[in-house]
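Peer 1: Got a predicted structure plus its sequence, pasted below:
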Amino acid sequence: MPLSIAAWNVNSINARLPTALAVLKAVDADVVCLQELKCEDARFPTAEIEDAGYNVATHGQKTYNGVAILSKHRIEDVARGLPGMEGDEQARWIEAVIAAPGGVMRVASLYAPNGNPPGTEKTVYKHRFMDALTAHAQARLALEEPYVIAGDYNIIPRDVDCQDPRAWAGDALILPESRAKYRALANLGYADAYMQMDGAPHQYTFWDYQAGAWNKNNGIRIDHLMCSPQAADRLERVTIHRDARGMEKPSDHVPIIASFRMPG
DNA sequence: ATGCCCACGACACGTGGA
């Protein structure tokens, strides 16, 4: 029985709850990692999400950031906040174990910092966060378990992961220092699910609200599922749910979904 | 060369996003 895991930056769960519920239904993933809830835990629409068939674990924050894990299966061992970033007030990390019938899978929902403008404290913070992520991911490898770090990495890994790299030159999403952080995670042994299954150029997960970016297909691929070797060995499918961007009141991101064979 | 659009807070426009 496969286990599907989606990553989706919802850009405020309360601003587009009807849209979000429709997307959740259409995607029908077993596990959904949400980013940019933009609300405190008490204001998360738990009842509506539970009615849609999901258990809920949130790490919210007023106005900014906020991440959640939704799961049709039991959620265990929830941890909030990225190890190594103690004292950071920004809610960008939640991790848990999903007790699926076919076996357990550890899943993290990640919202990495944007880092713009380059050369500022924002950039320093982005790099510090990514270094903490790499250290944590390395420690987790010792467990030798299926583990997926899913979310908005705010990194364009290759030039072909955007429509026009010249338009992004100098941006924190594409700078070599940012790409090096993504590669450091990959070099530990974490596979980008999209790259393992397909890697086709010019497939995007984000289109800006401005300047008709969606109509011009001027997008970027910045939402990724990074898989431990034990998860990567079970990966059988990846899809990008582009339809979500064409809906009424859409998020500027769409879900990307990976499906894993499970032993049981 | 910059802004375009969108969400938020608590009402006007500044901050942040990517």
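Peer 2: Okay, I see it.
Peer 1: what about stretch A:125-134, distance to the chain center?
Peer 2: 15 Å (Cα atoms, centre = their mean, to the nearest Å).
Peer 1: How about residues contacting that stretch?
Peer 2: Residues outside stretch A:125-134 that contact it (Cβ atoms under 8 Å, 6 or more residues apart in numbering) are A:82-85, A:88, A:92, A:110, A:112-115, A:149, A:154, A:172, A:177-178, A:181-182, A:184-185, A:188. The way it works is simple: take the backbone N, C-alpha and C, and place the C-beta from them, glycine included.
Peer 1: tell me which residues in that stretch are buried?
Peer 2: Buried residues in stretch A:125-134, counted by 16 or more other Cβ atoms under 10 Å: A:125-127, A:129-130, A:132-134.
Peer 1: Go through the helix or strand containing residue A:4 and flag the buried ones.
Peer 2: Assigned by DSSP states H and E, residue A:4 falls within strand A:3-9. Judged by neighbour count (16+ other Cβ under 10 Å), strand A:3-9 contains these buried residues: A:3-9.
Peer 1: try stretch A:57-77
Peer 2: Neighbour counts over stretch A:57-77 (16+ other Cβ under 10 Å) mark A:57-61, A:65-73, A:75 as buried.
Peer 1: near DNA strand B, anything from the lowest-mean-pLDDT helix or strand in chain A?
Peer 2: None of the helices or strands of chain A scores lower by mean pLDDT, DSSP states H and E than helix A:165-168, at a mean of 94. No - using Cβ under 7 Å from any atom of the strand, helix A:165-168 never reaches DNA strand B; the gap is at least 8.8 Å.
Peer 1: Name the nearest of the buried residues of stretch A:57-77 relative to DNA strand B.
Peer 2: residue A:65 (7.5 Å; Cβ to the nearest atom of the strand).
Peer 1: is it fair to say the closest one lies in a strand?
Peer 2: No - per DSSP: H, G, I helix; E, B strand; the rest coil, residue A:65 lies outside any strand segment and is coil.
Peer 1: which residues does it contact?
Peer 2: A:35-38, A:90-92, A:111.
Peer 1: Could you list which of the residues you listed belong to strands?
Peer 2: Among the contacts of residue A:65, DSSP state E puts A:35, A:111 in strands.
Peer 1: of the contacts of residue A:65, closest to DNA strand B?
Peer 2: residue A:38 (4.3 Å).
Peer 1: count of neighbours near the closest one?
Peer 2: Residue A:38 sits with 19 neighbouring residues when counted by other Cβ atoms under 10 Å.
Peer 1: Correct me if wrong: it contacts residue A:16.
Peer 2: No - Residue A:38 lies out of contact with residue A:16 (Cβ atoms under 8 Å); the separation is 10.5 Å.
Peer 1: ok, back up a step: who does the least confident helix or strand of chain A touch, helix- and strand-wise?
Peer 2: Counting contacts by 3 or more Cβ pairs under 8 Å, 6 or more residues apart in numbering; DSSP states H and E, helix A:165-168 packs against no other helix or strand.
Peer 1: Name the residue of the stretch 151-264 of chain A that lies nearest to DNA strand B.
Peer 2: residue A:211 (3.2 Å).
Peer 1: Wait, residue A:98 touches residue A:33, no?
Peer 2: No - judged on Cβ under 8 Å, residue A:98 makes no contact with residue A:33 at a distance of 10.7 Å.
Peer 1: which residues do those two both contact?
Peer 2: With Cβ under 8 Å, 6+ apart as the test, residue A:98 and residue A:33 both reach A:69, A:107.
Peer 1: Please say which of these two ends up with more neighbours.
Peer 2: For residue A:98 and residue A:33, the more surrounded residue by other Cβ under 10 Å is residue A:33, and the numbers stand at 32 against 24.
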